[in-house]
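**Q** Pasting the sequence and the predicted model now:
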Amino acid sequence: MSCLFGFDVGTKIVGVAVGNRLTGTARALAAVPVRDGEPDWHTLDTLRREWLPAELVVGLPLDNDGKEQPMTRTARRFAERIGERYALPVAFADERMSSQEAARRFAAGRAAGTRKRSDAKSIDAEAAAVILESYLLTTLGTS
């Protein structure tokens, strides 16, 4: 029961990552489309059945001063809905700088020849992995 899901919530795509509390690692899993404000629940449900996460971690978008912004409400609403849907605990993790780190990792992968330009659509899932890794680092460091 050490599997967790991490989410990078956007208005067009929700990045999904899977992580492991035992190893403290996470990896990009999927970029799930959002249409008319609704994530593709079928895809999320399928991922949940496949991985059976015990906990959900949602990236919380804050401004540079750590204050909430309009997108924060979207992330909180998603967290509430997915927590109720799956009857699982939901934690939040500060997602500041996650997109920049995901872009840096993608660029490094391109330079190393391990990523293709067509893989760019998965950058949201990579951001979810960054969020989840940060959360694991924080929680494993304090437990």
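**A** That came in fine, so what should we check first?
**Q** Tell me which helix or strand in the chain has the weakest average pLDDT.
**A** Considering only helices and strands, the least confidently modelled element of the chain by mean pLDDT, DSSP states H and E is helix 98-112, at a mean of 63.
**Q** The very next helix or strand once past that helix: which residues count as buried?
**A** Scanning the chain past helix 98-112 towards its C-terminal end, the next helix or strand to appear is helix 123-142 (assignment: DSSP states H and E). Within helix 123-142, the residues scored as buried using 16 or more other C-beta atoms under 10 Å are 123-136, 139. Bear in mind the C-beta positions are built from the backbone N, C-alpha and C, glycine included.
**Q** residues in contact with the residue lying closest to Lys12 once chain neighbours are set aside?
**A** Taking C-beta to C-beta, 6 or more residues apart in numbering as the measure, Lys12 lies nearest to Val34, with 5.5 Å between them; neighbours along the chain are not counted. Going by C-beta atoms under 8 Å, 6 or more residues apart in numbering, Val34 touches 10-14, 40.
**Q** filter these to the buried ones?
**A** Burial of the contacts of Val34 was assessed by neighbour count (16+ other C-beta under 10 Å); the buried members are 10, 13-14.
**Q** ok, so of those, who is nearest Arg77?
**A** Val14 (12.1 Å; C-beta to C-beta).
**Q** What helix or strand is the closest one located in?
**A** With elements delineated by DSSP H and E, Val14 resides in strand 13-20, which encompasses its position.
**Q** So for the helix or strand hosting Glu50, what gets flagged as buried?
**A** Mapping Glu50 onto the secondary structure by DSSP H and E places it in helix 41-51. Going by neighbour count (16+ other C-beta under 10 Å), the buried part of helix 41-51 is 44, 47-48.
**Q** Can you spell out which helices and strands pack onto the helix or strand that that helix is followed by?
**A** Proceeding N to C from helix 41-51, the next assigned helix or strand is strand 55-60, under DSSP H and E. Strand 55-60 is packed against strand 3-9, helix 70-86, strand 90-94, helix 123-142, with contacts defined by 3 or more C-beta pairs under 8 Å, 6 or more residues apart in numbering; DSSP states H and E.
**Q** what's the closest non-adjacent residue to Gly15?
**A** Looking at Gly15 with C-beta to C-beta, 6+ apart, the closest residue is Asp124, at 3.2 Å.
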